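>>> Need coordinates for the below:
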Amino acid sequence: MKNSKLWVAGTLLQIGCVWALAIVWPGFAATQTSGTSSGGAIGNSADNSSGNSPADSGWASYGHDAGGTRYSAALQINRENVGQLKVAWTYRTGALDGVDDDVKRNAAFEATPILVDGRLYLSTPFDHVIALDPETGKKTWEYDPKLNTHGFSETTSRGVSAWRDSAAKAGQPCRLRIFVGTLDARLIAVDGETGKPCTDFGAGGQVDLTKDVNLRDAGQYQVTSAPAIAGDLVITGSSIGDNRAVELERGIVRAFDVRSGKQRWSWDPIPWASKSSPRSGAGNAWSTLSVDAEHDLVFIPTGSASPDYYGGLRRGDNKWANSVVALHASSGEFVWGFQVVHHDLWDYDVASQPTLFAWRDATPAVAITTKMGRVFVLNRLTGTPLLPVEERPVPKSDIPGEDASPTQPASTISMVPEKLSPEDAWGRTPEEKEACADKIRAARSEGIFTPPSVKGSIVFPGSVGGVNWGGAAYDPQRHLLVMDTNRLAIFVRLILREKYDADIQASTSNDRSHGEWGRQAGTPYAMFRTPLIGPSETLTLCSPPPWGTVAAVDLFTGKKAWDVPLGSFVPGMNTGTVTLGGPIITAGGIVFSAATMDNAIRAFDADSGKEIWKYDLPAGGQATPMTYTVNGKQYLVIAAGGHGKLGTKQGDYVLAFTLP
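The predicted model follows:
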């Protein structure tokens, strides 16, 4: 990084309908926020999915395959030769050219390209869809959706999806359809050959997703993740801006016919909300869905019902918010649900794509990674735990009218610390450490699931995770689940409604409190939250390093295999950094991950976790890489465009690496 000092100023900013730590260098201000068919999904294995030789290995879905394993059978690049990787080509999207600074500051290039029929397809933060030659990086076409608003809660797009009509003749328009969801809530289909809209889909190639959602604020209801493909359906959720109010947009999940755009089904994760007054919203699926075509199942990861930090008006467990739910993909019929957090008060969305894999006795299974760092392993067909889960007592709320759940689900796998005491406080000097310890003593800090309070509470792990939208990669050879983790404490304070405006004014005028304010309109309490940081003159993190790691767990035993720092705030120190993005794993025995704030992509030995290669990127790599083999040559690709809210260097690069 440009500055080797560990001086960190933190503010919480909305990232993918989750509020994540943004770390910038000194000089910022607190901010207020408003809160069976003749076609199907493209195959994903060494199966000619790239349109080349059978030995070629493709990457045809956002998570490599419809089940999100992020595992490639490509093995040309391996542990012995990875150090020889060189840049094969670089493509620049031009996404930030001519963009206003205010808009640019919110932009994040989080896309993972897909490889279908011999072309790479990707999306920019402003939903431009681009087709590239996978061997040269040369652009074939670009589609501009012409976004119709600004002031977006999110300015990102993690990728696109593809559907091929096997009944169509070669050369027929829209034989291959590329789908993208947009920041202004449209679902668009374009021709994979030309980039022109598929005019038979919806109205001129697009479907308006703002219908039937009770739209409250333009720019706060969006799509930021690649849609799912199940047979002849394209299925999408939505990203909804947090903490504005109780009555937010409905978090419905909808399936549309891939040819006509006609809605085939809709599923509401929180149907009870329609009977409550005021009516809670959200509970939305903003992350990536997974599909099991063989069993006609789609797996929906959901977030919390609105608002995040006060639940007195949404009593009970709030099912099926904060859950993974299995639906029949063809009909939307409910099959089973598993709730990872009851009555969420911590912004513990299920941010990760569910990972589908085969259990040790070949039982179809699903692994759920969470912001709490807990991993749940379930029977994919029934939702029954394959590794033990128990309900454990958690601290009670001291807020009048708040009926917090007395217990929360606990798995046998926990990848991050779940408690922060004064003795754990970190600082570069004894004085800094003691100042941090004093902050912890002054707040409620009773371990994971400490409820928000008026005096202030420590949420650890914080709302950035644990595991965020980068999710996990699964190696079927080693039965390892690999994930990037964050280990940061967040300070959360509830504010009586009548004191809210005065608190904001005092904070802004004195420039002492750096963080994010949420009005939570319709409740008795607003909220303020910020990373737990030390004295205002140094602004160091109070939780001990490492602050970010890449970690692996053996899913057959539930035992952690390895856990190593990922990135560093200080050259030469293994501090780890905040990570946004995720890992992939290959048959060559390598885990690749970027995601860090030091703008690098790294390779790790899949058996030991040892770092074996590093490359400094031209901008932040807040994305998940991908790999493929074309004409017998394996490539590794990463989007490097940085993350405005996270404060990493911005750009517009797509880089491909290969062996000499």
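>>> Mind telling me what element residue 103 is part of?
For residue 103, the host element (DSSP states H and E) is helix 101-104.
>>> which helices and strands sit right next to the next helix or strand after that helix?
Sequence-wise, the next helix or strand downstream of helix 101-104 (DSSP H and E) is strand 114-116. Where contact means 3 or more C-beta pairs under 8 Å, 6 or more residues apart in numbering; DSSP states H and E, strand 114-116 is packed against strand 119-123, strand 161-165, strand 626-630. Using the backbone N, CA and C atoms, a C-beta is placed for each residue, glycine as well.
>>> Just to check, residue 293 is in contact with residue 228?
No. Under the criterion of C-beta atoms under 8 Å, residue 293 is not in contact with residue 228, lying 10.6 Å apart.
>>> could you redo the helices and strands packed on strand 114-116 as CSV and give each row mean pLDDT?
Formatted as CSV, these follow (pLDDT from 0 to 100):
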stretch, mean pLDDT
strand 119-123, 98
strand 161-165, 97
strand 626-630, 97
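>>> Any idea which of the ones you listed gets closest to residue 408?
Minimum separation from residue 408 across the helices and strands packed on strand 114-116 (C-beta to C-beta) falls at strand 161-165, 33.8 Å.
>>> What's the first helix or strand after the closest one?
That would be, after strand 161-165 and using DSSP H and E, strand 176-181.
>>> Report how many residues lie close to residue 559.
Neighbours of residue 559 under the rule other C-beta atoms under 10 Å: 10.
>>> Residue 312 too?
Residues near residue 312, counting by other C-beta under 10 Å, number 16.
>>> quick one, what contacts it?
Under the criterion of C-beta atoms under 8 Å, 6 or more residues apart in numbering, the neighbours of residue 312 are 399, 401, 402, 403, 523, 524.
>>> Excluding chain neighbours, what is closest to residue 349?
Leaving out its chain neighbours, the residue that sits closest to residue 349 by C-beta to C-beta, 6 or more residues apart in numbering is residue 303, at 3.5 Å.
>>> what residue ranges in the chain score low on pLDDT?
1-39, 41, 43-56, 508-514, 536-539 (pLDDT under 70).
>>> In terms of helices and strands, where is the residue nearest in space to the middle of it?
Nearest to the mean C-alpha position of the chain, by C-alpha atoms, centre = their mean, lies residue 469 at 1.6 Å. Using DSSP H and E, residue 469 sits within no helix or strand.
>>> which stretches of the stretch 301-450 of the chain form helices?
For the stretch 301-450 of the chain, applying DSSP state H, counting those that start in this stretch gives helices covering 430-442.
>>> rewinding a little: the residue nearest to residue 349 and residue 74: what is the separation?
34 Å (C-beta to C-beta, to the nearest Å).
>>> buried set for stretch 301-308?
301, 302, 303, 304, 305, 306, 307, 308 (16 or more other C-beta atoms under 10 Å).
>>> between those residues, which is nearest residue 581?
Using C-beta to C-beta, the buried residues of stretch 301-308 come closest to residue 581 at residue 301, 17.1 Å.
>>> Mind listing the residues bridging to that closest one?
Beta-bridge pairing of residue 301 under DSSP bridges involves residue 324.
>>> which residues does it contact?
285, 287-289, 323-324, 349-354, 368 are the contacts of residue 301 under C-beta under 8 Å, 6+ apart.
>>> Among those, which ones are in strands?
323, 324, 368 (DSSP state E).
>>> If you rank the contacts of residue 301 by neighbours, which is first?
That'd be residue 349 among the contacts of residue 301, by other C-beta under 10 Å, with 33 neighbours.
>>> Quickly note the distance from that residue to residue 165.
As judged by C-beta to C-beta, residue 349 and residue 165 stand 35 Å apart.
>>> do the same with residue 219
34 Å.
>>> what do you get for residue 227?
Taken as C-beta to C-beta, the span from residue 227 to residue 165 is 16 Å.
>>> which of these two has more neighbours?
residue 227 (27 against 18).
>>> wait, isn't the more buried one in contact with residue 253?
No. With contact defined as C-beta under 8 Å, residue 227 does not reach residue 253; the gap is 10.5 Å.
>>> so what sits against both of the two?
With C-beta under 8 Å, 6+ apart as the test, residue 227 and residue 253 both reach 235, 236, 289.
>>> Tell me if I'm right that residue 588 and residue 71 touch.
No. Between residue 588 and residue 71 there is no contact, the gap being 11.2 Å when judged by C-beta under 8 Å.
>>> Between these two, tell me which one has more neighbours.
residue 71 (25 against 21).
>>> so what's the more buried one closest to, chain neighbours aside?
Nearest non-adjacent residue to residue 71 (C-beta to C-beta, 6+ apart): residue 585, at 5.3 Å.
>>> Describe which strands the helix or strand where that neighbour lies pairs with in its sheet and in which direction.
Assigned by DSSP H and E, residue 585 belongs to strand 584-586. Counting by DSSP bridges, the strands paired with strand 584-586 are strand 71-72 (parallel), strand 590-593 (antiparallel).
>>> Quick one: closest of these to residue 419.
strand 590-593 (26.5 Å).
>>> which element follows that closest one toward the C-terminus?
strand 600-605.
>>> And that following strand, what does it pack against?
Strand 600-605 sits against strand 590-593, strand 611-616, with contacts defined as 3+ C-beta pairs under 8 Å, 6+ apart.
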